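> fold the following, please.
(one chain, ligands or ions: 1)
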Amino acid sequence: MGADIIDGKAFAAVVRGKVGEHVARLMADHGIKPGLAVVLVGEDPASQVYVRSKGKQTVEVGMNSYEHKLDIDTSEADLLALIERLNNDADVHGILVQLPLPGHLNEDLVINSIDPAKDVDGFHISNVGLLATGQKSMVPCTPLGCLMMLRDHHGSLSGLDAVVIGRSNIVGKPMAQLLLGDSCTVTIAHSRTKDLPDVVRRADIVVAAVGRPEMVPGDWIKPGATVIDVGINRLDAPERGEGKTRLVGDVDFATASAVAGAITPVPGGVGPMTIAVLLANTVTACCRAAGLPEPEGLTA
Ligand code: GUN
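This is a model prediction of the structure:
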């Protein structure tokens, strides 16, 4: 029997719909239009695509989008000055600095210069600490998107065994915190984990976020488990024609989907959720700044 396919594209459209409704109400009832500022330093092609997509979707849900594109050799002082300006701009409710930054810029310093209340990525050290201690925070977009899909599929996650493969600050660690917050028994596995297949086989929930194409095969998956594949890896696909590529996840979809109870595909799984949650976080930040109730179902 094949697994249920968790349709992240459709789920993201629902999230964007809820965000759009909330934005319309904020405008109608309070005259407030949420605004998201995105800062891109340099011309990394993948980052340019993401930033364009973020700007487009921000406008589509009725919010203001402010894009700041800076030269690759922008000084740290100039970047920090821009962030300070955005921190003090009442029309800007969310600030995102696209990562990775060019090597001469200190990423930690830059991220920690963002006002934590406007840190819609949830990367500021204050938000990391608030999440870890179970307090209200801004929550990183990709893990929050995964949590929303898991809650939607399972209802309660309480007592389930969850394995997160990958320990990054952007996905692995916050994902583990969120699952712990929903009362899962959580294991964080990584490149040094002993007997990784056995660790994964114990899990009711597997979140793969390592960035290694198709590294998790179906025979690592407990029958009926839910598999969330965060990986987006581009492989050459000469069988599709010269110079063609295809996207695959960190999970071998063909074998895993034969064993799992539910699985997210790549593309069309976790990927579309990240920007949808970014928009949700911006509305949440806006509501908090204005002292208004937060949108329901769009926060952790
Ligand atoms: N680069 C890749 N993913 C992300 C993300 O979620 N946020 C930021 N700021 N940069 C990224």
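> need phi/psi at residue 161.
phi -80, psi 120 (degrees, to the nearest 10).
> repeat for the one 3 residues further on
Its backbone dihedrals place residue 164 at phi -100, psi 120, with angles given as degrees, to the nearest 10.
> which residues does it contact?
Shown in contact with residue 164 (Cβ atoms under 8 Å, 6 or more residues apart in numbering): 172, 175-176, 179, 186-189, 207, 209. C-beta: built from backbone N, CA, C; applies to glycine.
> now swap in residue 284 and tell me
138, 294-295, 298-299 are the contacts of residue 284 under Cβ under 8 Å, 6+ apart.
> neighbours around residue 111, how many?
For residue 111, the tally of surrounding residues (other Cβ atoms under 10 Å) stands at 21.
> and the residue nearest to residue 141 when sequence neighbours are not counted, what element?
Ranked by Cβ to Cβ, 6 or more residues apart in numbering and with sequence neighbours excluded, the top spatial neighbour of residue 141 is residue 277, at 4.1 Å. Element membership of residue 277, judged by DSSP states H and E, is helix 271-290.
> and that helix, which residues are buried?
271-289 (16 or more other Cβ atoms under 10 Å).
> pull up the residues of this protein that are close to the ligand.
96-99, 121, 141, 170, 274 (Cβ under 6 Å from any ligand atom).
> again, only using 8 Å
With Cβ under 8 Å from any ligand atom as the criterion, the chain comes near the ligand at residues 47, 50, 96-100, 121, 123, 140-142, 170, 274, 278.
> list the helices and strands the longest helix anywhere in the chain packs on?
In the chain, with assignment by DSSP state H, the single longest helix is helix 8-30. Where contact means 3 or more Cβ pairs under 8 Å, 6 or more residues apart in numbering; DSSP states H and E, helix 8-30 is packed against helix 45-60, helix 141-154, helix 271-290.
> list the helices and strands the first one packs on?
Same thing as helix 45-60. helix 8-30, strand 35-41, strand 64-70, helix 271-290.
> need the residues that contact that helix.
Taking Cβ under 8 Å, 6+ apart as the rule, helix 45-60 contacts 16, 20, 36, 38, 40, 64-65, 67, 69, 96, 98, 100, 275-276, 278-279, 282.
> mean confidence for that helix?
Summarised as a single mean, pLDDT over helix 45-60 is 97.
> so for it, what gets flagged as buried?
Under 16+ other Cβ under 10 Å, the buried positions of helix 45-60 are 47, 50-51, 54, 57-58.
> again with the second one
Neighbour counts over helix 141-154 (16+ other Cβ under 10 Å) mark 141-150, 153-154 as buried.
> what's around the residue of the chain found nearest the ligand, how many residues?
Closest residue of the chain to the ligand, Cβ to the nearest ligand atom: residue 99 (3.6 Å). A count of nearby residues for residue 99, using other Cβ under 10 Å, gives 14.
> thinking again about what came up before, of the contacts of residue 284, which is the nearest to residue 247?
Nearest to residue 247 among the contacts of residue 284 is residue 298, at 26.9 Å by Cβ to Cβ.
> OK, contacts around that closest one?
15, 18-19, 22, 277, 280, 283-284.
> please tabulate those in TSV, including the columns pLDDT.
Below are those laid out as TSV (pLDDT from 0 to 100):
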residue	pLDDT
15	98
18	98
19	98
22	98
277	98
280	98
283	98
284	98
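> reformat these as TSV; add distance to residue 242.
Shown next, in TSV, are those (distance: Cβ to Cβ, whole Å):
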residue	distance to residue 242
15	38
18	43
19	41
22	47
277	37
280	41
283	44
284	46
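> which residues touch residue 166?
Contacts of residue 166 by Cβ under 8 Å, 6+ apart are 172, 189-190, 207-211, 230, 250.
> which among these count as buried?
Applying 16+ other Cβ under 10 Å to these flags 172, 189, 207-210, 230, 250 as buried.
> need the max-distance pair from these.
The span of the buried ones among the contacts of residue 166, defined through Cβ to Cβ, is set by 189 and 230 at 13.5 Å.
> tell me which residue lies nearest the centroid of this structure.
residue 142 (1.5 Å; Cα atoms, centre = their mean).
> what is the burial count for residue 138?
So residue 138, with other Cβ under 10 Å, has 29 neighbours.
> for residue 18, same thing?
18.
> circling back: quick one: the residue nearest to residue 141 and residue 203, what's the gap?
23 Å (Cβ to Cβ, to the nearest Å).
> same check, this time on residue 26
40 Å.
> in the chain, where is pLDDT below threshold?
1 (pLDDT under 70).
> understood, closing this out.
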